[in-house]
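Participant: The following comprises the amino acid sequence and a computationally predicted model.
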Amino acid sequence: MAKVNLKKVCQALISNLNGREREVIERRFGLFGKEKETLEAIGRDFGVCRERVRQIEEAALKKIREEIGTKKAVFDSIFSEFKKKGGVRKEENLVLEKGREILLLLKLDKRFQRKNQTDEFFTLWTIGKNYLERAKKFLSKLVKFFKKERKLLKFEEISKIFGIEREVLNSFLEISKIVAKNEEGFYGLLEWPEIKPRGIRDKAYLVLKKAQRPLHFTEIAAQIKGAKVPTVHNELIKDERFVLVGRGTYALAEWGYFPGEVKDVILRILKEKKRPMTKEEILEEVRKQRIVKPTTVFLYLYNKKYFERDSQGRYRPKTAQI
């Protein structure tokens with residue numbers, strides 16, 4: 001089919017139409033480089049109502065359908081390609097690949113059905129309900145997988161995990177509004193910042209996610225195109241996904257970092273350990289959470305408002321019975 005000139009096929013099919021019918025078809029479908037136009041726009045030029053234009057279009061399509069037998073091989077080729085690719089295709093991608101002429105051909109052959117876009121799917125064409133249901137069922141499974149595993153996948157990984165052919169997988173993925181691909185070629189849910197970052201916060205999140213280590217806010221800002229350092233810093237402060245772990249240095253909370261001041265970190269550590277701890281033990285645990293000097297940790301421990309020592313010199317929260 002790739003070698004077939006669809007423009008010539010369409011020209012041959014509309015050759016027996018009268019001048020007005022041909023013009024309506026060309027303008028309604030945007031053929032031969034023309035822009036696709038509405039019934040109203042064409043009606044204004046013709047000086048008739050939109051309903052009259054619709055009638056002309058329907059009459060013209062009826063005439064053309066009587067001629068499609070002369071191009072049976074072309075239509076069968078299109079059908080076979082659809083079948084090979086899973087029986088569904090995103091309309092926009094079809095136009096990009098083959099030109100707007102493909103839409104006229106699909107309209108003429110009753111084996112193809114057009115489905116308008118929904119919240120979950122782009123406008124698409126299918127060769128049957130069973131094919132579309134298979135695509136929807138697969139995409140539902142994929143969305144559930146992403147929600148459960150919360151990880152990105154490459155195209156080949158999806159193909160392997162779900163045992164689906166590459167060409168079929170490509171067609172299924174392209175019709176989805178829920179699943180999308182990022183600039184690095186990974187697939188995930190469109191709502192994820194890793195797929196479609198929205199604003200400075202999501203972009204900062206991606207910088208840290210990619211670095212896999214805490215970074216100073218100036219380093220984060222430097223990796224966000226057009227971002228101002230103060231703006232980035234303010235967004236880091238306001239978003240609970242980020243934890244201040246040192247002087248101006250931020251990490252992701254999902255890495256296991258506790259929010260709050262060093263004092264809060266110490267209190268949380270003691271609470272989780274459920275026992276008094278030496279200052280050396282506390283320092284070791286705090287350093288897993290914060291980039292901090294030993295003297296800073298010890299100064300907090302010496303604050304009798306929050307901490308007290310037992311008879312063995314170990315620390316515990318004030319008035320706590322551990």
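Facilitator: Now that the structure is in, tell me what you want to look at. Numbers count the residues shown, from 1 in each chain.

Participant: would you list every one of the helices in the stretch 151-300 of the chain?
Facilitator: Remark: helices assigned in the stretch 151-300 of the chain by DSSP state H, counting those that start in this stretch are 155-162, 166-174, 199-211, 217-222, 229-238, 262-273, 279-286, 294-301.

Participant: could you dump those helices to JSON lines with distance to Leu94 and mean pLDDT?
Facilitator: Placement of C-beta: from N, CA and C, glycine included. What follows is those, written out as JSON lines (distance: least, CB to CB, whole Å; pLDDT from 0 to 100):
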{"stretch": "helix 155-162", "distance to Leu94": "20", "mean pLDDT": "97"}
{"stretch": "helix 166-174", "distance to Leu94": "10", "mean pLDDT": "98"}
{"stretch": "helix 199-211", "distance to Leu94": "32", "mean pLDDT": "93"}
{"stretch": "helix 217-222", "distance to Leu94": "41", "mean pLDDT": "96"}
{"stretch": "helix 229-238", "distance to Leu94": "40", "mean pLDDT": "95"}
{"stretch": "helix 262-273", "distance to Leu94": "56", "mean pLDDT": "92"}
{"stretch": "helix 279-286", "distance to Leu94": "59", "mean pLDDT": "93"}
{"stretch": "helix 294-301", "distance to Leu94": "63", "mean pLDDT": "92"}
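
Participant: Lys72 is nearest to which of these?
Facilitator: helix 166-174 (24.0 Å; CB to CB).

Participant: tilt between the closest one and helix 155-162?
Facilitator: Counting by axes from the mean of the first three to the mean of the last three CA atoms, to 10 degrees, helix 166-174 lies at 100 degrees to helix 155-162.

Participant: Do I have it right that Lys304 meets Pro317?
Facilitator: No - counting by CB atoms under 8 Å, Lys304 sits too far from Pro317 to count as a contact (11.5 Å).

Participant: Tell me which of these two has more neighbours.
Facilitator: Pro317 (15 against 9; other CB atoms under 10 Å).

Participant: I'd assumed Ile269 was in contact with the more buried one.
Facilitator: No - Pro317 lies out of contact with Ile269 (CB under 8 Å); the separation is 10.3 Å.

Participant: coming back round to it: of all the helices of the stretch 151-300 of the chain, which one is nearest Lys84?
Facilitator: helix 166-174 (6.2 Å).

Participant: starting at the chain centroid, how far to the closest one?
Facilitator: The chain centre lies 15 Å from the centre of helix 166-174; the measure is CA atoms, centre = their mean, to the nearest Å.

Participant: again with stretch 261-273
Facilitator: 38 Å.

Participant: what do you get for stretch 45-60?
Facilitator: Distance of stretch 45-60 from its chain centroid, counting by CA atoms, centre = their mean, is 40 Å.

Participant: C-alpha coordinates for stretch 277-293, CSV please?
Facilitator: What follows is stretch 277-293 as a C-alpha-only set of coordinates in CSV (Å, rounded to 0.1, in the frame of the first residue of the first chain):
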residue,chain,number,x,y,z
MET,A,277,20.2,5.8,71.9
THR,A,278,23.8,7.1,72.2
LYS,A,279,24.7,10.3,70.5
GLU,A,280,26.9,8.4,68.1
GLU,A,281,24.0,6.1,67.1
ILE,A,282,21.8,9.1,66.7
LEU,A,283,24.4,10.9,64.6
GLU,A,284,24.7,7.9,62.3
GLU,A,285,21.0,7.7,61.7
VAL,A,286,20.6,11.5,61.2
ARG,A,287,23.3,11.5,58.6
LYS,A,288,21.2,9.1,56.5
GLN,A,289,18.6,11.9,56.5
ARG,A,290,20.5,15.1,56.5
ILE,A,291,23.8,16.6,55.3
VAL,A,292,24.8,18.0,58.7
LYS,A,293,27.8,18.5,61.0
